[in-house]
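**Student:** compute the structure for the input listed below.
(chains A and B)
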Amino acid sequence: MVDALRRSRGWLKPDGRLIDVRPAHTIPDVVIGSDDHATVVGVLTVEPERHQRHAAANHALDDVLERQLFVLEESREFAFLRYADSAEELRDHIAQKWRQTRLDGATCLRTAAALSDRPGARLWLREPVAMRRLKPVR
Amino acid sequence: MPIELDPEERELRALLELLPNLHCAHVVEVGCGDGRLTRRYADLAASVLAFDPDEAAVAAFRSGRLPDRVELRTDTVDRVNIPQSSADVVLWSWAL
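**Tutor:** Numbering: from 1, shown residues only, chains lettered A, B, ... in the order given. Sure, this is the predicted structure:
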């Protein structure tokens, strides 16, 4: 990853910027409710490989900063939301699109039950995401 | 109804906050996938060269209308041919 960051640094003009956007940490919440009343009903199950991949990315970023290939100028953190109509739809979406992560059977059942208890409630996945702007050092 | 991804556009807002001059930027996007994020900002940039090693994801991106300013490639960081010192922005899109 350090080599990849170094290579992409070469593509930048001297006054260019690198943006790194990715999950701030690896365990998103499963939430139901409305804007003013939300309840976390569970979290996704994340395999160790995903934690390791995330840690490796953080390490690579720390490394290029320590080597003064880049300086961190600014960052933002926000919640990336994915809305689903049902627990099963969310489960299937994660199974299809995500690696080393799943909505396990117990959490899926609990989510479906919570949704049926609260007619009109929405279901969403809340994933904290970090976006950083880095300036290359020449 | 399909899964709705970030309908509040918080990701785009954060990007615009960090890149106030995006409108005149030549962007290289690493890990564009099916173009979910690319489609949101491409019309706001001067140009975008987006690539991803996942052939299926790139094919999905290409199957929809490709924004005029976007050049799309199936490629990897190691192999992709991009001139040195040519980009205003390199966007690592959920790819690191």
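
**Student:** wait, what's in contact with residue A:137?
**Tutor:** With contacts taken as C-beta atoms under 8 Å, 6 or more residues apart in numbering or on different chains, residue A:137 has the following neighbours: A:68-71. No exception for glycine: its C-beta is placed from N, CA and C like everyone else's.

**Student:** count of residues packed around residue 88?
**Tutor:** No chain was given, so I picked chain A. Neighbourhood size, residue A:88 [other C-beta atoms under 10 Å in any protein chain shown]: 13.

**Student:** chain B is the one I meant
**Tutor:** Each residue near residue B:88 was counted by other C-beta under 10 Å, and the total is 20.

**Student:** so which residues on chain A come close to chain B?
**Tutor:** Those residues of chain A that sit near chain B, judged by C-beta under 8 Å from any C-beta of the partner chain, are A:1, A:4-5, A:7-23, A:57, A:60-61, A:74, A:76, A:78-85, A:89-90, A:93, A:129, A:131, A:133.

**Student:** buried subset of the residues you listed?
**Tutor:** Taking 16 or more other C-beta atoms under 10 Å in any protein chain shown as the criterion, what is buried in those is A:1, A:4-5, A:8-9, A:11-12, A:16-23, A:57, A:60-61, A:76, A:78-84, A:90, A:93, A:129, A:131, A:133.

**Student:** sitting in strands, which of the contacts of residue A:137 do you find?
**Tutor:** Assignment to strands by DSSP state E places the following of the contacts of residue A:137 there: A:70-71.

**Student:** going through the contacts of residue A:137, which ones are buried?
**Tutor:** A:69-70.

**Student:** ok, now how distant is the residue nearest the centre of chain B from residue A:11?
**Tutor:** In chain B, the residue lying closest to the centroid (C-alpha atoms, centre = their mean) is residue B:38, at 3.5 Å. From residue B:38 across to residue A:11, the span is 17 Å (C-beta to C-beta, to the nearest Å).

**Student:** what of residue A:85?
**Tutor:** Distance of residue A:85 to residue A:11, computed by C-beta to C-beta: 41 Å.

**Student:** still on that earlier bit, now for the contacts of residue A:137, which pair is the farthest apart?
**Tutor:** Distances among the contacts of residue A:137 were taken as C-beta to C-beta; the most separated pair is A:69 and A:71, at 9.0 Å.

**Student:** excluding chain neighbours, what is closest to residue 74?
**Tutor:** Using chain A. residue A:133 (4.8 Å; C-beta to C-beta, 6 or more residues apart in numbering or on different chains).

**Student:** um, chain B though
**Tutor:** Nearest residue to residue B:74 in three dimensions, chain neighbours excluded: residue B:58, at 4.6 Å (C-beta to C-beta, 6+ apart).

**Student:** good, wrapping up.
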